[in-house]
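Undergrad: From the sequence below, what's the structure:
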Amino acid sequence: INKKTSFYLDAQRRDIEDTGIVNAVVLNNNLNQTSLVEAIPTPQTQTSFSPRIDTQIGNNDTLTFRYSLWQNSQNNPNVGQFTLPDAAYSNSERYQSFQMSDAHVINEKAVTEIRFRYFRDDEHQTPANSHPTISVLGAFVSGASNAGAGNASTNAYEFQDYTSMTLSKNFLKFGIRFRDNEESAASNANFFGTFTFPSLNAYQITEQGQAENLTAAQIRANGGEPSQFSLIAGNPLASANYFDLEPYVEDDWKPRANLTISGGLRLETQNHISDHADFAPRVGIAWGL
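TA: Numbers count the residues shown, from 1 in each chain. The predicted model follows:
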């Protein structure tokens, strides 16, 4: 852009035209068994956009700004084989991230870098309808997708501050990192219920009996009715907030040209563990033969 500012930009777009092949055995309008073979489009699109700007402020600071966007959407990803189009669902995801950093030269022997990052992730899943799922073993799956509707979101913040200092025979590094994550998810999988039939014959007898206004006992006596019904109920939402704090210090001591002795200590603490003083020491030796 000018002598002190530069930029970078990357953008991509993908259109994936895929197809799901349904190969099932169903009942026609006359309730007779018939084969069903058809191709169902399962399109998918992906978009990414990532700009970055670096700028120098004075002689001691370099600022960097980054933004990232990634988005994906797909229709009918589960359609194919025994799964019919009415049991399809669509899903989408969007991820966004913003980062900012400042590299500051304190003096000729010390540099500190401050970083901040925020990102958000959203996922959504939407079924084609809200009817009960009909699963006929070895034949087809119709009705609604038992995966149901769902969504999940994540909001996260991260702050880091790293400082490094060069001494006569030591290279000292110390800093701190703080992270805060807030997550929530909801899913009503199988909230509409699933009827499972042991065979296509049992499903055919059930449909024919209902068309003839037979009672449930009569249909059952003829070999119809599903072998299982399942239903999930309750509160579909779950959420949690997590944050941690991690200060650390590390020193690389070089007593000889071919020998380096390193020692460090990190303290880790977070809100969901009752012990808030977890220390992680480290020792390393590098010897050049």
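
Undergrad: list the buried ones in stretch 79-95?
TA: Buried residues in stretch 79-95, defined by neighbour count with 16 or more other CB atoms under 10 Å: 79-80, 82-84, 86-95. For every residue, glycine as well, the C-beta is placed using N, CA and C.

Undergrad: what mean pLDDT does it have?
TA: Computed over stretch 79-95, the mean pLDDT rounds to 94.

Undergrad: got it, and stretch 225-232?
TA: Mean pLDDT, stretch 225-232: 94.

Undergrad: Can you list the buried residues in stretch 258-276?
TA: Thr260, Ile261, Ser262, Gly264, Glu268.

Undergrad: Surely the fourth one is in contact with Arg282?
TA: Yes: distance between Gly264 and Arg282: 4.6 Å, which falls inside the contact criterion (CB atoms under 8 Å).

Undergrad: who touches the closest residue to Val79 other than its chain neighbours in this structure?
TA: In this structure, Val79 finds its nearest non-sequential neighbour in Gly20, 4.2 Å apart by CB to CB, 6 or more residues apart in numbering. For Gly20, the contacting residues are Ala39, Ile40, Pro41, Thr42, Asn76, Pro77, Asn78, Val79, Gly80, Thr83, by CB atoms under 8 Å, 6 or more residues apart in numbering.

Undergrad: per-residue pLDDT, Gly20?
TA: pLDDT at Gly20 comes out at 94.

Undergrad: what's the helix or strand for it?
TA: In the assignment (DSSP states H and E), Gly20 maps to strand 19-27.

Undergrad: Would you mind identifying the next helix or strand past that strand?
TA: strand 33-41.

Undergrad: Note down every partner strand of that next one and its orientation.
TA: strand 19-27 (antiparallel) (DSSP bridges).

Undergrad: what's the spacing between the partner strand and its chain's center?
TA: Distance of strand 19-27 from the chain centroid (CA atoms, centre = their mean, to the nearest Å) equals 30 Å.

Undergrad: Flag every buried residue along it.
TA: Neighbour counts using 16+ other CB under 10 Å place Gly20, Val22, Ala24, Val26, Leu27 of strand 19-27 among the buried residues.

Undergrad: Now do the helices in this protein.
TA: 200-211, 216-221 (DSSP state H).

Undergrad: Mind checking the pLDDT average for the longest one?
TA: The pLDDT scores in helix 200-211 average 95.

Undergrad: same check, this time on stretch 162-180
TA: On average, stretch 162-180 scores 94.

Undergrad: Then stretch 123-134?
TA: 93.

Undergrad: Find the residues that touch each one of Gly264 and Arg282.
TA: With CB under 8 Å, 6+ apart as the test, Gly264 and Arg282 both reach Glu250.
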